[in-house]
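[1] the following block contains a protein sequence and its predicted model.
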Amino acid sequence: MNDELTNQQIEFYRTNGFVAIENFLDPDELEDWRRCTDESVAERLGNSVEFMTNQMQPDDFYARVFTQCLRLADTHAGMRDLIHNPRLGRMGAALAGIEGIRVWHDQALIKPSYGNPTAWHLDVPYWSFDSRDAISCWVALDDATLANGCMWYIPGSHLTARFENCNIGENLAALFTIYPEWRSIEPRPVPCSAGSIVWHNGLTAHAAGANMTVAPRRAMTCAFMPDGCTFNGKRNVLREDLFDSLEIGDLLNDEIQNTLVWHNSWKN
Ligand SMILES: O=C(O)CCC(=O)C(=O)O
Ligand SMILES: [Fe+2]
């Protein structure tokens, strides 16, 4: 795992709200990420854990944007090792400029052949905390191209985003009715080869194109929350018992739900 970051990459991330790193995984590691993703997704779909996948109504538009399976590290030991790897967390913390970093949710996002585009959206406003420093990684398990639905970003949008958002629906451009000021910023596609990692700030506007190829475009991703964030009242992926016990303003530090995967004090 090539987890070293240059100052230039950190600077690029802070300015643009995203950064792509090619050759993050070596061929053996890529094989492992693919295996753990394929296995854990197959198990999840077989078990129909309704809350954590979007495949309950497979003909819906959203179900055909991607097959989405959330929190696979909860149910697959190999995936847990990949997602909880402190080296991955350290990378995210270094880019975001935060002391400690917790898992919000991992998710597999598999855009099927002829899958719909992923509409422009922000991530943080869906979640149970408000932060300008949340960060997600998106690991390409197949080459991501302009043809099969690579990621696109609005550079710098994280700097002016508010916590207002839209659904990932049929209108690709719904987000721009909330943020008309972003309409004139040229979006940047981020094609990358399998084994690359793309990081984005949770407030950076992003999207993906349709998959106009015969093969799926697989990605394994993880959203991270800065240590110290507090509950804002939204359920999102919180366990029911935890959600019921939380008051707005409570620290989100449950070690099972929001595992601390890296803290800068661990350096020594
Ligand atoms: O993979 C996609 O199509 C969208 C990814 C995304 O929205 C995310 O990782 O937050
Ligand atoms: Fe997203």
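    That came through fine. Nothing here was measured: the structure is a model prediction, and the numbers come from that model. Residues are numbered from 1 along each chain as shown. Ligands and ions are numbered 1, 2, ... in the order given.

[2] not counting sequence-adjacent ones, nearest residue to residue 87?
    Distances taken as CB to CB, 6 or more residues apart in numbering put residue 3 closest to residue 87, at 4.6 Å, once the chain neighbours are dropped. To be clear about C-beta, it is placed using only N, CA and C from the backbone, and glycine gets the same treatment.

[3] likewise residue 248?
    Once its chain neighbours are removed from consideration, residue 248 has its nearest residue in residue 233; the separation is 4.9 Å (CB to CB, 6+ apart).

[4] what's the answer for residue 60, then?
    Residue 60 sits nearest to residue 54 (CB to CB, 6+ apart), 8.0 Å away.

[5] distance of the one you found relative to residue 5?
    32 Å (CB to CB, to the nearest Å).

[6] what's the answer for residue 223, then?
    Relative to residue 5, residue 223 is positioned 19 Å away (CB to CB).

[7] more crowded one of those two?
    Comparing residue 223 with residue 5 by other CB atoms under 10 Å, the one with more neighbours is residue 223, at 23 against 16.

[8] residues touching that one, list them.
    Contacts for residue 223 were tallied using CB atoms under 8 Å, 6 or more residues apart in numbering; they are 103, 104, 105, 106, 107, 123, 127, 134, 135, 136, 202.

[9] show me the beta-bridge partners of it.
    For residue 223, the beta-bridge partners under DSSP bridges are residue 105, residue 136.

[10] roughly how far does it sit from residue 83?
    To residue 83, residue 223 is 10 Å away according to CB to CB.

[11] so what sits against both of those two?
    By CB under 8 Å, 6+ apart, the residues touching both residue 223 and residue 83 are 103, 106.

[12] avg pLDDT for stretch 239-246?
    Stretch 239-246 carries an average pLDDT of 96.

[13] who touches that stretch?
    Residues from elsewhere that reach stretch 239-246 (CB under 8 Å, 6+ apart): 231, 235, 238, 252, 254, 257.

[14] wait, isn't the first one in contact with residue 253?
    Pointing back at residue 231 there. No - Residue 231 is beyond contact range of residue 253, at 10.4 Å (criterion: CB atoms under 8 Å).

[15] quick one on the thing from earlier: okay, the residue nearest to residue 87: pLDDT?
    pLDDT at residue 3 comes out at 96.

[16] so for the longest helix along the chain, what gets flagged as buried?
    Counting residues, the longest helix found in the chain (DSSP state H) is helix 27-47. Taking 16 or more other CB atoms under 10 Å as the basis for neighbour counts, the residues of helix 27-47 that come out buried are 30, 33, 34, 36, 37, 40, 41, 44.

[17] count the neighbours of the nearest residue to the fourth one once chain neighbours are set aside for me.
    It refers to residue 36. The shortest distance from residue 36 to any non-neighbouring residue, by CB to CB, 6+ apart, is to residue 78 (4.1 Å). Residues within reach of residue 78, counting by other CB under 10 Å, total 16.

[18] next: the one 10 residues further on.
    Other residues within reach of residue 88, judged by other CB under 10 Å, total 23.

[19] quick one: residues contacting it.
    In this structure, residue 88 makes contact with 1, 3, 82, 137, 222, 261, 262, judged by CB under 8 Å, 6+ apart.

[20] going through those, which ones are buried?
    In these, the ones that pass as buried (16+ other CB under 10 Å) are 82, 137, 222, 261, 262.

[21] quick revisit: now tabulate the contacts of stretch 239-246 in JSON lines and tack on distance to ligand 1 and secondary structure.
    As requested, the contacts of stretch 239-246 are arranged in JSON lines below (distance: CB to the nearest ligand atom, whole Å; DSSP: H, G, I helix; E, B strand; the rest coil):
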{"residue": "231", "distance to ligand 1": "21", "secondary structure": "coil"}
{"residue": "235", "distance to ligand 1": "18", "secondary structure": "coil"}
{"residue": "238", "distance to ligand 1": "18", "secondary structure": "coil"}
{"residue": "252", "distance to ligand 1": "19", "secondary structure": "coil"}
{"residue": "254", "distance to ligand 1": "22", "secondary structure": "coil"}
{"residue": "257", "distance to ligand 1": "19", "secondary structure": "coil"}
